[in-house]
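Asks: predicted model, plus sequence, below.
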Amino acid sequence: QVQLVESGGGLVQAGDSLRLSCAKSGRTFNDHAVGWFRQAPGKQREFVAAMSWSGSSTDYADSVKGRFTISRDNAKNMVYLQMNSLKPEDTAVYYCAASGSRGLVSTLKRKPAYWGQGTQVTVSS
């Protein structure tokens, strides 16, 4: 079993930066694609960013391209989401997610195998 725990959320102003972290525990993590999703009040959960298990491939939602960067540290079993130039519309609960073993980014985007509990990000105008 894989457990994911997010941290780093908070209240910031528009234009600020924030870095979310996701700590993984359980079985080995190095062969999972990893990613971030978010859910704003009254809206469906949406894809934000993902990275392949090797780190060689990334994918981003159009709304965050150029502002958000996903990274991972397999040695530490950590995944990060650096968020710059935050906007009020980025306000949401952010969820860390992982694919199954040897999962692809495309698979993760459709249906992650594992979810974290979420961390709130609020961006004031």
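Replies: Sure, I can see it.

Asks: distance check, the closest residue to residue 25 other than its chain neighbours against residue 16.
Replies: Take residue 25 and drop its neighbours on the chain: the residue closest to it by C-beta to C-beta, 6 or more residues apart in numbering is residue 3, 4.7 Å away. Any C-beta I mention is one placed from the backbone N, CA and C, and that applies to glycine too. To residue 16, residue 3 is 29 Å away according to C-beta to C-beta, to the nearest Å.

Asks: do the same with residue 24
Replies: Distance from residue 24 to residue 16, by C-beta to C-beta: 27 Å.

Asks: for the lengthiest strand in the chain, C-alpha coordinates in PDB please.
Replies: In the chain, assigned by DSSP state E, the strand with the most residues is strand 18-26. Taking Å, rounded to 0.1, in the frame of the first residue of the first chain, the C-alpha atoms of strand 18-26 are listed here in PDB:
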ATOM      1  CA  LEU A  18       4.100  28.600  -2.500                       C
ATOM      2  CA  ARG A  19       5.700  25.200  -2.500                       C
ATOM      3  CA  LEU A  20       3.600  22.100  -1.800                       C
ATOM      4  CA  SER A  21       5.300  18.900  -0.600                       C
ATOM      5  CA  CYS A  22       4.000  15.300  -0.700                       C
ATOM      6  CA  ALA A  23       5.600  12.600   1.400                       C
ATOM      7  CA  LYS A  24       5.200   9.000   0.400                       C
ATOM      8  CA  SER A  25       5.300   6.000   2.600                       C
ATOM      9  CA  GLY A  26       4.800   2.300   2.000                       C
END
